[in-house]
Each structure stands twice: as C-alpha cells, then as structure tokens.
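J.: generate coordinates for the sequence data below:
(chains A and B)
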Amino acid sequence: MAQDRNHSLAYVRTEMVQEQPAPINAKGPVAWLRQNLFATIPDTLFTIFALLLLVYIIPPMFRFLIADAIWTGDNREACIVPGAGACWAFVDAKFAQFMYGRYPFEERWRVDLTGILLVAGVIPLAMPSVPYKKWNAIFVLIIFPILAFILLTGKLGLEPVQTSLWGGLLVTLVVAIVGIVVSFPFGIFLALGRRSNMPIIKMLSIIFIEFWRGVPLITVLFMSSVMLPFFLPDGVSFDKLLRALVGVTLFASAYMAEVIRGGLQAIPKGQYEAGDAMALTFWQSTRLIILPQALTLVIPGIVNTFIGLFKDTTLVLIIGIFDLLGIVQLNFTDANWASSKTPATGLIFAAIIYFIFCFGMSRYSMYMERRLDTGHKS
Amino acid sequence: MNNDSNAQSSKASLLYDPVARSIFFQCLTVAIVAWLVYAGVNNAITNLEKANVASGFGFLTDRAGFDISQSLIEYTNDSSYLRAFYVGLTNTLLVSALGIFFATIIGFSVGIGRLSKNYLVRKICMIYVETLRNIPLLLQLLFWYKAVLGVLPNVRDAMQVGDIFLSNRGLAIPKFIPEAGASAILWAVIIGVIAAVIVGKWAKRRQMATGQQFPTIMVGFALIVGLPLLALVVTGFPFTIENPKLGGFNFNGGSVVLPEFVALLLGLSLYTASFIAEIVRSGILAVSKGQTEAAYALGVRPNITMRKVIVPQAMRVVIPPLTSQYLNLTKNSSLAVAIGYPDLVAVFSGTVLNQTGQAVEVVLMTMLVYLAISLITSTFMNWFNSRVSLVER
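T.: This next block holds a predicted model:
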C-alpha cells in the first residue's frame, strides 16, 4: 500500500490542510448551550420550563425588594401608598431594637464589646493555620463566657440589666452559644457513657439521649418553662431566659452526644489498644489519645449541630422570649408601622440575617470536611 | 492466667480492681439519679399541694368547654379533655402524613435535579436547597401564614372559581356527603389496591421465569382508579354536594381548608424537602460510577438504569437519614402552635394546660406521644433497613 501514496490520484491531497477552528457546536458558547441546556428534547423542555419559572419569579421579586421598595419614611404613611413594595423604612426604624431588644441605650456598648470579644476569639479558633489552639479554646470556652456574663448581666459595679430587657439578635446568639458551649462537655460524657462497659451507665446514657432526641424542642421548652418550676425546692426560682437555656442545653446535649459518638466510633481499635499498651488509665487514654482525634473528626458535625441549634433558637418566642424573630414579629403589631407589607418585610429581613449566619457556617463545615478528608475512604 | 497471677490480683487493693471500681461508679450513679428523682418528686408534691393544683389524670374525663377549628373526629365543646387530646393527635398525624408525602416527592425531584446535566435546572435546585435549609422553619411558617396567606382578600371579596372560594379564612370547597351505597366505592378502592398488588407479584414472577415483561404500572393504575370509577357509575354517584355559601362573616356549609393548615403543610414540606434533596443527592453520588457504566455497556437505557440500577442501591444509603427527616418533620409539626393550627401541642400543651393548670401530666403526656411515634417509626425503619441492606458474604 505504501507506494500508492506516490501516485497522483485526483482525490488524494498532496499537501496538509490548514488548521481549522473547531466546529461552532463543539467549542465555545454555542457548544456550552448545546451541552448544558439543549442536549435532548426533554432537556430543552426543562430549560424552557426553568426559564419561564425564572421570568415568573425574578422580576416581581426584584420589584418588591428593590424597585418599588420604600427605603425612607417615619411611619406607616410612607408604606401604605398603593403599589409599594417592601417597607425597608420599617426595618431601618427598628434596627437597633432587632439587634439589642430593650437593652438600655447607654449600656449597649457592653453588648458590642461582648460581640467584639466573641469574634476575636472565634475567628482565630476557626482558622486552622493560627497557632495556640489550646489557649484560644480555653479563652472561647471558659474565659469568654465569664466575661460575657459579667458584661451582659452587669456584675462588678456595672449597671445590672434584667434578662427580660434582652432581646433581638443578642438573645438569639446567647441562647445558641450557651446551648452549644454547655452541651459540649455534657455531650462528651454522654457519648463516653453510651460506649461504656458498665451496663447501668450505658443504659442511663441511652435513655437520656433517646428521650431528648425523641421529643420536639417545643415540648422541651414547655417542660422547662411550666413544669420545671414545680420540681425545684421552695424559694428557688429561675429567670425565664435561664429556664429556656436549661431546656435548650438538655436538648442540644443529646444531639451533641450522638455527633461525638460518631467520632469515637471512627477511631480504630488499635488506638485504644495502644493506649492500654502504654499502661494509660481510661481517662488518660481518653484525654490524650481518643478525644483529640475524635473531636477533630467531628468538627463538621458539631458545626452542623450548631446550625440546627441556631435555627431552633427561634422557638423560644413561643414561650415568650423575644429573640430576633420574636422581636420582629412583636413589631408587626406596632400601630405606627402596621401595613400589609410590614410582615413580609420584617420576615425577609430576619430571614436574610439567619441565612447569612447559617450559610456561612455551613460553608465552613464543608471546608473543614474537605480539609479533614485524608483520602482514606475510597 | 495462672494461679499465681490470680492470687496476686486478688491481693491487690480493691481501689485498683476494675470490677470493683466499675460496680462502685455504677452504684454512685444510681444513687445520684435516684436522689434527683426523689427530690424532684418530693418538691413537686409539696409545690402542687401549695399551689392547690389537683394531680392525677382525672381531669381527662372533664368537659373541655372550648372549640377546635379543625377536627377529623367528632368533637364539640361538650366533649372531654381526652377527646380534645385525640383531636390534637389526629391533626398532628394528618399534617405529618401529608407533609411526609409532599416532602418526599419534592425532595426526590430536587435531589435528582441537582445532579441534572441541565445547567439551569441544577442551579435552580441548588438555590432552592441552600435557601430553604438555612432559614429557620418557624420563620418560614410565619412567612407563609402572615406574609402570603395573611394578605389574601377577606371573605366578602373572596376569589372565586366555580364553587371554590379562596380568602383569608381559608379555601372553601364543596363537600361531598355520602349517601347509602357510598361504601361500595371504598370497597372498590380496597379491592383495586389488593388486585394491583397481586398482579404486580404475578408479573414479577413471570418475568423472572420467562423474561416476558408486563405493563404492571399501567394495569395497576387502571385497577386502582378504574374500579372505584366503575363503582361510582354503577351505584349512580351516591353523594350530595354541599356548596359553600357566603353567610355573615364566614362560609356556611362545604369543607374549609384552614389557612393555618395550608401554611403549616407548605412550610413543613418545602423545608424538609430541602434536606431530603441533599440526602437523595448524596445517596446517588454514593453509588459507584461503574454501576452506571456497566448498565450502559449492557445496553440498558438511561431512565431504566436510574430506576433499576442506581436508585435501589442508593436507597440503602438514603433510608436511615430519610427516616430521621420524617421524624423531624413529625416533631416539627409541633410548631403549629405558633400559627394556631390545632395540633397536639397547641390543643393539649396549650389550651388544656392553660385551663387545667396540670402542667406535669399534660407536658409528660405530650412528650410521651412524640416519643412513642419516634420509637415506633425508628423500630419499623430499622427492620425495613435490615431487609434492604446489603447482605455481605
């Protein structure tokens, strides 16, 4: 066959063809559209349907939230004009209340300071590259709560502020953070108890965990607000917020325990045996070998529990504590601002705040998950 | 172990004997728990006596004296508290069952949609999931209730399509009142379902034996829908229709779907669906790619590959977290109390608790109901899970 190439056949090229650009439907935007939007007939139908959906949703949403929205105004007069969209003036007027509740004006710097301390403690703790994790954790888990308690309630010569005056985002954060910080040690003990060899301890841990996991948080809050006072000795009484915190903590401990148990189960048996071979006692090997590994493994799980708890804090409004959602809802009844757009505006504002917190934390949890993924799993 | 070491360990101090220590710690724990329970009960008895609140479950037979806006079983304000409890319980079960149904459908569609090759579908599903699961459920419920359904026109200006009215008092629809012979239709449905199951089993056995396929889905559908329709025609439509009529401030006659119910159902289904979507997506991704390739290599078409190869394997990963989402939905239905739908918590831990003041009994009963639902469901799902799980050799 080789010598055939030398023959000058009319249909055989003798020189190379110029390099051609790729066909339009193999590369570039048209190809992208073909592959991603119009690959098959059903695909095209889906695309058309999705476009219709977007056309149906986005322009009205844009008009309501931005174009037709009322941005400034002193009272409801601004928002009851026909065709008005979201009443952002309402949020603007009530913003301080949404953040602090009825916390006294001249004392609000204390809340701000607590917030700054929290951010200063948590951000370096969350960044894997920052050193001194141990001291950082001690600050966040022990020193910060004490400082926050002193600042917020007003101890050591500061003006005392009743918890009934607290509200808004402040209460949301207090409930969520106290819930997670206090439930953390409880969760560790319950998880260890559930994996213990001692039958009675194991049984009690299982009953505790499964009970709280089996009932809705709202009944737990009812229990701690109306039932718990009956079980306390005469003369001992709790403040309303503290009762809610007891309920939230019990509830969160059970979920935390299950997350930590997952981490404990993921530690290979060899680690326990190594601890025994070193003649470490149970608590030594737990503290020095098992927990550091198990807790690192479950950081994403802990963050996810925290996200759940953060969203669940909204339930405290049902027992009459004004968290962010509670105070937003309370303001719907303000005669100064009542309009048909006020509820939607207030709720959308609260939704944006919750979304920022939860979405941020879930991204962090995903980032940690990727970081911790050592690639051992297939 | 030889005798020597046995003798030594028995001589060692009891303080270092693991068995003795374990017994000691357990006794200590039991003692602490027993003391806590004793002290709590003791306090409760004294406090209840002092507050002059009756205790015990005698109140359950007393007359309730309040109305409930929606009940599946017969209830008037002359009924007992126990009856009110059942009304709340059935309302909870109703909204949970419907919620689970819708959440499953939406969740599976969105979860599969997130893996679609279509860019727009994929992104829309992603935005749906990320938005809804990062906003508290209670906020969503209030949004649907106050911001969407709350701004519907009032009864006088209700939107009307035929005999269906939509207003801020809910959706009023014609009510079908069964006459004699209506039970035949119910029987037709039952017979249709049984027949469809039998046909399905027979078709599967035949396919296993001979390889011949049978249009099971079409025939089953025809049986389940066709038989009742046939019964309807044969018995001559044994229903009277009662249309809703505008009277005073509300509708008289007809059935009314409460806006609270709609808001709760919408909120629960959409919120839980966002979690189910993620579960389904991770379940499908957990099935190795080789399975799809193997099916394609055998010439199986894509949608059959999905149905017969991928989904059955994904279900093993999906079922345990799916169960806990169903339980979450049931527990979350207790948020009804915030928007005023008469579920168990709203009726019993709300109204009944306020009227009787018997906090301990009422809250405990409510908790036990949810606990029982949780335990029964998880037992059933564990059993189901062990049936579908991979049997490794």
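
J.: tally of neighbours for the residue nearest to B:N134 when sequence neighbours are not counted?
T.: Sequence neighbours aside, A:C358 is the residue nearest to B:N134 in space, at 3.8 Å (criterion: C-beta to C-beta, 6 or more residues apart in numbering or on different chains). From N, CA and C alone the C-beta is placed, and that goes for glycine too. Using other C-beta atoms under 10 Å in any protein chain shown, A:C358 has 20 other residues around it.

J.: how close does the residue nearest to B:D163 when sequence neighbours are not counted sit to B:I164?
T.: Spatial nearest neighbour of B:D163, excluding adjacent residues (C-beta to C-beta, 6+ apart): B:N243 at 4.5 Å. Per C-beta to C-beta, to the nearest Å, B:N243 is found 9 Å from B:I164.

J.: then A:L165?
T.: Taking C-beta to C-beta, one finds A:L165 at 49 Å from B:I164.

J.: do A:E19 as well
T.: Noted for A:E19: a distance of 67 Å to B:I164, by C-beta to C-beta.

J.: between those two, which one's more packed in?
T.: B:I164 (15 against 5).

J.: show me what contacts the more buried one?
T.: B:171-174 (C-beta atoms under 8 Å, 6 or more residues apart in numbering or on different chains).

J.: that older thread, helix or strand: which one has the residue nearest to B:N134?
T.: In the assignment (DSSP states H and E), A:C358 maps to helix A:342-372.

J.: what's the mean pLDDT across that helix?
T.: Averaged across helix A:342-372, the pLDDT comes to 89.

J.: do the same with stretch A:115-130
T.: Averaged across stretch A:115-130, pLDDT comes to 87.

J.: check stretch B:131-142 too.
T.: Per-residue pLDDT values over stretch B:131-142 give a mean of 92.

J.: for it, buried residues please.
T.: Neighbour counts over stretch B:131-142 (16 or more other C-beta atoms under 10 Å in any protein chain shown) mark B:132-142 as buried.

J.: grab the most central residue of the chain for me.
T.: Defaulting to chain A. Residue closest to the average C-alpha location in chain A (C-alpha atoms, centre = their mean): A:I307, at 2.7 Å.

J.: chain B is the one I meant
T.: Short answer for chain B (C-alpha atoms, centre = their mean): B:S96, at 3.3 Å.

J.: any idea how the chain splits into domains?
T.: Assuming you mean chain A. A:28-67, A:88-367 (automatic domain parsing).

J.: my question was about chain B
T.: In the recorded assignment (automatic domain parsing), chain B comprises B:3-51, B:81-153+B:259-388.

J.: thinking again about what came up before, what packs against the helix or strand harbouring the residue nearest to the centre of chain B?
T.: Using DSSP H and E, B:S96 sits in helix B:81-113. The criterion is 3 or more C-beta pairs under 8 Å, 6 or more residues apart in numbering or on different chains; DSSP states H and E, and the helices and strands that helix B:81-113 contacts are helix B:119-133, helix B:259-286, helix B:311-332, helix B:336-339, helix B:344.

J.: the buried residues of stretch B:131-142 in helices, which ones?
T.: B:132-133, B:137-142 (DSSP state H).

J.: hmm, back to that, how far away is the residue nearest to the centre of chain A from A:L288?
T.: 30 Å.

J.: same deal with B:I376?
T.: Going from B:I376 to A:L288 by C-beta to C-beta gives 42 Å.

J.: in space, what's closest to B:V219 - neighbours in sequence excluded?
T.: Nearest residue to B:V219, sequence neighbours excluded (C-beta to C-beta, 6+ apart): B:V199, at 5.7 Å.

J.: downstream neighbour of the host helix or strand of that neighbour in the secondary structure list?
T.: Using DSSP H and E, B:V199 sits within helix B:183-210. Note on helix B:183-210: by DSSP H and E, the next helix or strand toward the C-terminus is helix B:216-235.

J.: about what we covered before: what does the helix or strand hosting the residue nearest to the centre of chain A contact?
T.: Element membership for A:I307, per DSSP H and E: helix A:299-312. With contact meaning C-beta under 8 Å, 6+ apart, helix A:299-312 is reached by A:172, A:176, A:179-180, A:184, A:217, A:248, A:251-252, A:255-256, A:259, A:262-263, A:295, A:354, A:357-358, A:361-362, A:364-366, A:368-369, A:372, B:134-137.

J.: and the gap between the closest residue to A:M366 other than its chain neighbours and A:R195?
T.: Counting by C-beta to C-beta, 6+ apart, A:P300 is the residue found nearest to A:M366 once chain neighbours are left out, at 7.4 Å. Shown here: A:P300 relative to A:R195, a distance of 21 Å by C-beta to C-beta.

J.: between those two, who's got more neighbours?
T.: Remark: of A:P300 and A:R195, A:P300 carries more neighbours, 20 against 14, as counted by other C-beta under 10 Å.

J.: okay, that one: pLDDT?
T.: The score at A:P300 is 84. That number is its pLDDT.

J.: for A:E273, same thing?
T.: What the model reports for A:E273 is a pLDDT of 90.

J.: count the neighbours of it for me.
T.: 11.

J.: which helix or strand contains it?
T.: Element membership for A:E273, per DSSP H and E: helix A:269-277.

J.: and the contacts of the helix or strand just after that helix?
T.: Going down the chain from helix A:269-277, the next helix or strand is helix A:282-285, by DSSP H and E. Helix A:282-285 has contacts (C-beta under 8 Å, 6+ apart) with A:272, A:275-276, A:278.

J.: contacting residues around the closest residue to B:Y145 other than its chain neighbours?
T.: In this structure, B:Y145 finds its nearest non-sequential neighbour in B:A263, 3.9 Å apart by C-beta to C-beta, 6+ apart. Contacts for B:A263 (C-beta under 8 Å, 6+ apart) come out as B:141, B:144-145, B:148-149, B:339, B:341.

J.: want to throw those residues into CSV with secondary structure?
T.: Below are those laid out as CSV (DSSP: H, G, I helix; E, B strand; the rest coil):
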residue, secondary structure
B:L141, helix
B:W144, helix
B:Y145, helix
B:V148, helix
B:L149, helix
B:I339, helix
B:Y341, coil
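
J.: before we move on, the earlier item: I'd like to check the angle between the helix holding B:S96 and helix B:259-286, please.
T.: Orientation of helix B:81-113 against helix B:259-286 (axes from the mean of the first three to the mean of the last three C-alpha atoms, to 10 degrees) gives an angle of 40 degrees.
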